[in-house]
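Novice: No sequence on hand, only this structure:
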């Protein structure tokens, strides 16, 4: 089969701002991105994306004569993988009200074209992980670390911690890749696995409590306190106190301050002493901005921090309220609390804030990426331009 990770339009807007500049399958949860989970589940198959039209300039679909369109919000597991393998031509696997996958010889060029075929009900012993809402990324992260850990480490030997001043609990639940360095820290994997990626650096005085995924090249600053259910994607720089949060990669939260129940895209930066509130003073249901309805909606969550889109930044001492959604390329600075929704490309982040100039945002993105030996491509620029046009309505209101 030729597999395409499909951006079902029904779910894509619910996952914004994270799906403004990436397909759903590029979301990281657990140790791996969703698409990489499927690559490991079906290693002999070609896997690409069927993404929204303007994203195809960077994420190009590949088609064959036997195409399997898998909903990008779905994470694999052995029971689900077997059900998908049994799917016949022109059949659609359905779990409750969610389309899991459609197998067809047809070539669908856009996500909107994908058709529901003969329905096959999936009735698992345990429900699969589904990313219906953006907060599901942190809610399901611990479960996905647990699921990814044996897959990523299968048949391999961990590197040993040789530092005599590092204290370990649950050693059999820790896996350390080649080149990782750990100095005078405490690692507790009794309640869940701790994965430390290639060339990661855990500086002196850190406390890590699993489940945790620390990916390649991540640096954890001195004295950091990392609670359970956290993932830090490649080359993040992390400090302070963080709990139940997911950083997709290449983002910085180096200094003191608390981040909890939060999702952070790529190329983001938290100024020193910035904090995210994750619990309302009245212990009420947290409202979160929804790009589908363009309004605040109840999340049914008691704990919910910040949803920060890619390339967003906040200045020192920024105080982010419960359920704050920060749009792509927003730059937050100034006194007081920013609004619950900071629009994409906002400059200042408060009422009557300006709109960032697109050319200047290109320059900032180029500088940010060049610092990590990455490049801001023509495809990135084209996607930026499209998202900038989409976001104009928020600045004109």
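Specialist: Here it is on my side, so go on. As the structure is a computational prediction, the values presented were derived from the model and not from experiment.
Novice: Which stretches in this structure count as helices?
Specialist: Using DSSP state H, the helices of the chain run over 9-12, 34-41, 78-85, 136-139, 141-153, 358-370, 378-396.
Novice: For the longest one, name the packing helices and strands.
Specialist: With contacts defined as 3 or more Cβ pairs under 8 Å, 6 or more residues apart in numbering; DSSP states H and E, the secondary structure elements packing on helix 378-396 are helix 358-370. C-beta: built from backbone N, CA, C; applies to glycine.
Novice: cool, and the second one?
Specialist: Using 3+ Cβ pairs under 8 Å, 6+ apart as the contact criterion, the neighbours of helix 34-41 among helices and strands are strand 2-6, strand 46-50, helix 141-153.
Novice: Only the buried residues of it, if you could.
Specialist: Neighbour-count burial for helix 34-41, with 16 or more other Cβ atoms under 10 Å as criterion, is recorded at 34-39, 41.
Novice: That one versus strand 46-50: what angle between them?
Specialist: Using axes from the mean of the first three to the mean of the last three Cα atoms, to 10 degrees, the direction of helix 34-41 lies 160 degrees away from that of strand 46-50.
Novice: Mind listing residues that contact helix 34-41?
Specialist: Residues outside helix 34-41 that contact it (Cβ atoms under 8 Å, 6 or more residues apart in numbering): 3, 5, 23-28, 30, 32, 47, 49, 70, 72, 74-76, 81, 131, 148, 151.
Novice: Just the buried ones out of those residues, please.
Specialist: Among the contacts of helix 34-41, those buried by neighbour count (16+ other Cβ under 10 Å) are 3, 5, 23-28, 30, 32, 47, 49, 70, 72, 74-76, 131, 148.
Novice: Could you export the buried residues of helix 34-41 as JSON lines, including pLDDT and distance to residue 188?
Specialist: Below are the buried residues of helix 34-41 laid out as JSON lines (pLDDT from 0 to 100; distance: Cβ to Cβ, whole Å):
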{"residue": "34", "pLDDT": "98", "distance to residue 188": "28"}
{"residue": "35", "pLDDT": "97", "distance to residue 188": "31"}
{"residue": "36", "pLDDT": "98", "distance to residue 188": "27"}
{"residue": "37", "pLDDT": "98", "distance to residue 188": "26"}
{"residue": "38", "pLDDT": "98", "distance to residue 188": "31"}
{"residue": "39", "pLDDT": "97", "distance to residue 188": "31"}
{"residue": "41", "pLDDT": "96", "distance to residue 188": "30"}
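Novice: which one of the residues you listed sits closest to residue 196?
Specialist: Using Cβ to Cβ, residue 36 comes nearest to residue 196 of the buried residues of helix 34-41, at 17.9 Å.
Novice: so how far is residue 156 from that closest one?
Specialist: 16 Å (Cβ to Cβ, to the nearest Å).
Novice: again, but for residue 61
Specialist: From residue 61 to residue 156 the distance is 32 Å (Cβ to Cβ).
Novice: ok, those two, which is more surrounded?
Specialist: residue 61 (21 against 8; other Cβ atoms under 10 Å).
Novice: just checking, that one touches residue 55?
Specialist: No. With contact defined as Cβ atoms under 8 Å, residue 61 does not count as touching residue 55 (10.2 Å).
Novice: any common contacting residues for those two?
Specialist: With Cβ under 8 Å, 6+ apart, residue 61 and residue 55 have common neighbours residue 49.
Novice: Residue 193 - nearest residue in space that isn't next to it in sequence?
Specialist: Computed as Cβ to Cβ, 6 or more residues apart in numbering, the closest residue to residue 193 that is not its neighbour in sequence is residue 149, at 4.2 Å.
Novice: Next up, the contacts around that neighbour.
Specialist: 31, 175, 193, 195, 211.
Novice: Run a quick neighbour tally on the spatially closest residue to the last one that is not a sequence neighbour.
Specialist: With Cβ to Cβ, 6+ apart as the criterion, residue 211 has its nearest non-adjacent residue at 3.1 Å, and that residue is residue 192. Close neighbours of residue 192, defined as other Cβ under 10 Å, add up to 19.
Novice: Quickly note the distance from residue 192 to residue 170.
Specialist: Distance, residue 192 to residue 170, by Cβ to Cβ: 9 Å.
Novice: Just confirm residue 310 contacts residue 267, I think it does.
Specialist: Yes. Using Cβ under 8 Å as the test, residue 310 is close enough to residue 267 to be in contact (5.7 Å).
Novice: one step back: out of the buried residues of helix 34-41, which is nearest to residue 242?
Specialist: Taking Cβ to Cβ as the measure, residue 34 is the one of the buried residues of helix 34-41 closest to residue 242, at 22.0 Å.
Novice: how far away is that closest one from residue 288?
Specialist: 21 Å.
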